[in-house]
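Trainee: I would like to see how this sequence folds:
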Amino acid sequence: MATPARHRARGRAILSERPLASRRAWAKASAWLLNTLIAAGLLALLVDRFVPPQHLPWTALSLDQPPGLFTAAKLDRVGGDPRRCRRFLDANAIRFTEASTRTEGFCTTENSVRLSSGVTALSPAGPITACPLALQYALWDRQVVRPAARELLGSGIRRIEHFGAYSCRRVYGRATGSPSNHARAAALDVAAFVTRDGRRVSVLDDWEGEDAEAAFLRRVRDGACRVFSGVLSPDYNAAHADHLHLDDGRWRTCR
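Mentor: Below you'll find the model as predicted:
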């Protein structure tokens, strides 16, 4: 029969084993956590070194990189801050003037600029565009339009003709319905591209077909879908038979 002294000794032995087991469990957990952190750090280094920066969420927006997985989020971050948007344009030698702010009902030109240089010229010159849209246009121009023109047309682009940006109206100019993105200078309607060697590539005249001009127009439309929030082309409906509608709207559309 066990004596009280033996019970007390056994209890002390059990109690002494518990801290040892806890220390072993803590050591295992610490080792696992350390190994996980080391593996994650090595993976991050490999990703940062070998994955193009436009595909990484922590790298800065750059006009020298083609659109990637996180370009839209970066454009939103930069464009969402009026001061930051303008600093970015300045840093990339894109010259602009401030557009006067006016508000008419649901229409406004708040946070708008007129691009003057550093991008392919727009014709008519200096349309009023919201700064985020100007930012998107600069990226599209540099990383989509210019490369496509060199590859498919064998020439640079001298100017891009458009039907306007700011316009105080509702969608399709209707008397009722939702305000158009044009009503806040957040949309641009592109009609044609004039090359440096004098050719005019028009959405209305050159969209259909299998020639270089049609391929170019479809290439810049597809590339626009990776930059702008909304892109509407002749493939969408008859109302867009003569232009590419490019906008910084709430909904992502590529048609």
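
Trainee: please parse this structure into its domains.
Mentor: As given by automatic domain parsing, the domain ranges for the chain are 4-50, 54-254.

Trainee: helices of the stretch 51-200 of the chain, start to end?
Mentor: In the stretch 51-200 of the chain, the helices defined using DSSP state H, counting those that start in this stretch lie at 71-79, 82-91, 131-140, 146-148.

Trainee: residue 183: which of those helices is closest?
Mentor: Comparison of the helices of the stretch 51-200 of the chain against residue 183 by Cβ to Cβ identifies helix 131-140 as nearest, at 12.8 Å. Quick note: C-beta positions are derived from backbone N, CA and C, even for glycine.

Trainee: and the lowest mean pLDDT element among the helices and strands of the protein?
Mentor: Ranking every helix and strand in the chain by mean pLDDT, DSSP states H and E puts helix 4-50 at the bottom, with a mean of 62.

Trainee: quick check: the gap between the residue most central in space within the chain and residue 132.
Mentor: Taking Cα atoms, centre = their mean, the centroid of the chain lies closest to residue 72, which sits 2.3 Å from it. Noted for residue 72: a distance of 11 Å to residue 132, by Cβ to Cβ, to the nearest Å.

Trainee: point out where this protein drops to low pLDDT.
Mentor: The model of the chain has pLDDT under 70 over residues 1-21, 34-35, 37-50.

Trainee: excluding chain neighbours, give the residue nearest to residue 170 in space.
Mentor: residue 177 (4.9 Å; Cβ to Cβ, 6 or more residues apart in numbering).

Trainee: so what's the residue count around the one you found?
Mentor: Residue 177: 10 surrounding residues under other Cβ atoms under 10 Å.

Trainee: is it true that it touches residue 171?
Mentor: Yes - counting by Cβ atoms under 8 Å, residue 171 is a contact partner of residue 177 at 5.4 Å.

Trainee: quick one: contacts for the residue nearest to the centre of the chain?
Mentor: Residue 72 is in contact with 226-227, 229, counting by Cβ atoms under 8 Å, 6 or more residues apart in numbering.

Trainee: quick one: these as TSV, columns for secondary structure too.
Mentor: Shown next, in TSV, are the contacts of residue 72 (DSSP: H, G, I helix; E, B strand; the rest coil):
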residue	secondary structure
226	coil
227	coil
229	coil
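
Trainee: as CSV, these with neighbour count would be great.
Mentor: Putting those into CSV (neighbours: other Cβ atoms under 10 Å) gives the following:
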residue, neighbour count
226, 19
227, 23
229, 23
